[in-house]
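Novice: Sequence first, predicted coordinates after that:
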Amino acid sequence: MHKIYLSAVMLLALNVATAKANTARDSIGVENNKGKKLIIHQTVAKDTYYSIGRRYNVSPKDIMAFNDNKYLQVGVIIKVPTNIPFTAGGSLPAATAPATANAIEHTVKPKENLNMLAEKYGTTINEIKALNNLTGSNLSIGQVLKIPAKNQTQTEATEQTNPTVKNNTKSPVNDNPPSDQTMIEHTVQPKEFLGKIAEKYGTTVEEVKKANNLSGNNLRIGQKLKIPATKNIDENKVVSSAVEEKPAQENKSADPAGTHTVLRNETIFTIAKQYGTTAYQIRKMNDLPDNAITIGQVLKVPGGIITDVQVPKEKQAETKTKEVPAAPKEESFIHTVATGENIFSIAKKYNLTAYQIRTANKLDDNNIKVDQKLIIPKPPQPKSVNDASKEEQENEPDSTMVKDPKLRRDPSVYGLSQIEEKGTAVWITDQDLDGTKMLVLHRTAPVGRVIKITNPMTNRTTFAKVVGKFTENESTKDVIIVMTKAVADSLGALDKRFFCNLTYSAQ
C-alpha cells in the first residue's frame, strides 16, 4: 500500500512538471491599435525579434519598426502589432499553433527540399516543419506536405494537387496565360534564378518554365528568357502579347544543339566564351582533332542557341561601350543560413568558394549556424584571353615590359636573350613525373631551365622546371608544353588542355 501511494505521488509530480514545461509564455496584455489587437509582450531570456515574431505569427520587421528597433533585454516591454480585430475581453489565440485553415497540400517531387518549398510558397522552413510535425529536414519523393498558404500560393497548389487533369487536358485554351500578361524578353544576370525573375515580373516559376520549354531550374548567365509579365514591363523588351506568342512556341523545335558559323577574327576560344562553354566541349561535339577552325565552318554549339548573324568586331566594341553603363551593377547581399546548409553548399549555390565567403564575413573557420547572416560577395566576372592579357600588360607589367614604347629596348642589348611562346598546354599523369611537383616537359628548352607560365583565362602566373623533352602523340598533339597537375592547379586550369603564355631565357 505504501509503495502504491509513493508511485501515485511521483506520477502527480511528473505531470505538474510537464505541464509547467509545456506552458507557453503568453502576453501580459493587449491594447486597441486602430481597431486591431496590439499584443503587449515582456521579454525573457533568449528572446529575439525573430522568436517573438514566430510566436505571434507576425513579421519580425513589423515588430522592429513598431518598436523603433528597441534593444532587447530581460524585462523590456515589446508591443506586437497584429491584423486580428480587437474585441473587448477577447482572448489571444495561441500564436504558436500554425494556421491550418489556409494550409494547402504539396506532393514532394525529385530534387525538392524544404528550403525550395519555403521559398516557392513564401513561408519559412520552421512553419512547414511545425505544420507537418517534422523533426528533421529529410523528405521523400511522393510525400504529401501541408504548406501554410500565403498570397497567391493557393492557386499554385490547386494546379499541383490535380496533376492528372493537367496532363490529360493539353488544350491551347488551358495553356494560354491570362490576357493581361505581356511577353517580354529578359537576359539572365548573375545571381538571378527562376524564383527571383518570376517575382520581379509578377508571374510564377511554372509560367516562365512553360513559356521557355524548360525542364529544370538551371539557368546560365546571358541566357534569353521569354517572361509573361504583369509588372515592371519595359517597352523596349516587349516581344509580343502572351496570346500571340503561344503558337510560335508550339512550332519551335527543341533542338539539343544549335549551330554557329565561324566568322572572321573568331577563334574556338571566343566562340566557347560566347556560348558559355569550353573549347574542349566544342571540339568533342564536332569531332575536331585540334583548335584550328576556318571561316565559314559550321560548328555545333551546346544549349540550343542558333547564331545566324553576328555584328562585326568594330561595331561590337561600340555596342559594348554603350551597353556597359546601362547594365545593372549587383553588389554583395545577405544570405540567411537555413537548416541543413553548410558553407560549402552555400558557396556552390552562388558559384563561389568557401574561402571567398569566409573572407567576406571574416570567419576563422567553416563553422556556421542556422539563421546566421552571411555576406555573399559579388562573384568575379570571367575574362576573355585578349582582355586578360591586355589587362596584365597594362596593370601589372614585369621587369621586361615598359609602357612607353620609346623606352622599350630589346633584352639582347643587356646581354640577355628571352624567348616568348604562346600556345596550348596539357597536363598529364605519368609515373616518371611527380604530380605534386612543379615540373614540365618542353620541345626545345634546355633541361633544368625555369619557365614562367601564364594562364590568360585566370590571370595566374607560376614557375616550373624543365626536366625533359616530350614526343608528339595523341595526347600531346599541337601542344607547346606538357606539365604536371600541380602546375595546372596553380594556374587555375579548368580543362586538361588550355591556352598559356611561356617566357624563358635562351641562355
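Specialist: Received it, and whenever you're ready, just let me know what you need. Residues are numbered from 1 along each chain as shown.
Novice: and Pro446, how far is that from Ile227?
Specialist: 61 Å (C-beta to C-beta, to the nearest Å). Backbone N, C-alpha and C define where each C-beta goes, glycine included.
Novice: Neighbour count: the two, which is higher?
Specialist: Per other C-beta atoms under 10 Å, whichever of Pro446 and Ile227 has more neighbours is Ile227, with 26 against 12.
Novice: Determine the set of other helices and strands touching the host helix or strand of Met64.
Specialist: Per DSSP states H and E, Met64 falls inside helix 60-66. Packed against helix 60-66 by the contact rule (3 or more C-beta pairs under 8 Å, 6 or more residues apart in numbering; DSSP states H and E) you find helix 49-56, strand 77-85.
Novice: Extract the C-alpha trace of the longest one and format it as CSV.
Specialist: This points to strand 77-85. Taking C-alpha atoms only, strand 77-85 is exported to CSV below (Å, rounded to 0.1, in the frame of the first residue of the first chain):
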residue,chain,number,x,y,z
ILE,A,77,8.1,45.6,-22.9
ILE,A,78,7.6,45.0,-26.6
LYS,A,79,4.4,45.8,-28.5
VAL,A,80,3.5,43.4,-31.3
PRO,A,81,1.1,44.7,-34.0
THR,A,82,-1.3,42.2,-35.5
ASN,A,83,-4.2,42.2,-38.0
ILE,A,84,-6.6,40.5,-35.6
PRO,A,85,-9.6,42.6,-34.9
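Novice: What's the first helix or strand after it?
Specialist: Assigned by DSSP H and E, the successor of strand 77-85 is strand 103-107.
Novice: What helices and strands are in contact with the host helix or strand of Ala118?
Specialist: Assigned by DSSP H and E, Ala118 belongs to helix 114-120. Other helices and strands packing on helix 114-120, by 3+ C-beta pairs under 8 Å, 6+ apart, are helix 125-132.
Novice: now the helix it packs on and helix 49-56, what's the angle there?
Specialist: Helix 125-132 and helix 49-56 are oriented at 30 degrees to each other (axes from the mean of the first three to the mean of the last three C-alpha atoms, to 10 degrees).
Novice: Tell me which helix or strand comes right after helix 125-132.
Specialist: Per DSSP H and E, the first helix or strand lying C-terminal to helix 125-132 is strand 144-148.
Novice: can you pull the buried residues of that next one?
Specialist: 145, 147-148 (16 or more other C-beta atoms under 10 Å).
Novice: Output those as a markdown table; include the columns distance to Arg283 and pLDDT.
Specialist: What follows is the buried residues of strand 144-148, written out as a markdown table (distance: C-beta to C-beta, whole Å; pLDDT from 0 to 100):
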| residue | distance to Arg283 | pLDDT |
| --- | --- | --- |
| Leu145 | 46 | 87 |
| Ile147 | 47 | 87 |
| Pro148 | 51 | 82 |
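Novice: how about these in JSON lines, adding distance to Tyr49?
Specialist: Formatted as JSON lines, these follow (distance: C-beta to C-beta, whole Å):
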{"residue": "Leu145", "distance to Tyr49": "27"}
{"residue": "Ile147", "distance to Tyr49": "24"}
{"residue": "Pro148", "distance to Tyr49": "20"}
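Novice: Kindly indicate which of those residues lies nearest Asp434.
Specialist: Distance to Asp434 across these (C-beta to C-beta) is lowest for Leu145, with 53.8 Å.
Novice: is it true that that closest one touches Glu127?
Specialist: No. With contacts counted by C-beta atoms under 8 Å, Leu145 stays clear of Glu127, the gap being 11.2 Å.
Novice: Which of the helices or strands spans Lys300?
Specialist: With DSSP H and E as the criterion, the answer for Lys300 is strand 298-302.
Novice: Let me fix that, I meant to ask about Thr424.
Specialist: For Thr424, the host element (DSSP H and E) is strand 418-427.
Novice: Check which element follows that strand along the chain.
Specialist: Next in sequence after strand 418-427, counting helices and strands by DSSP H and E, comes strand 439-442.
Novice: what comes up buried for the strand holding Lys300?
Specialist: So strand 298-302, judged by 16+ other C-beta under 10 Å, has buried residues 299, 301-302.
Novice: quick one: His83 from Lys34, how far?
Specialist: No, residue 83 isn't His; it's Asn. Here Asn83 is placed at a distance of 11 Å from Lys34 (C-beta to C-beta).
Novice: Over to Leu491?
Specialist: Leu491 sits 66 Å away from Lys34, going by C-beta to C-beta.
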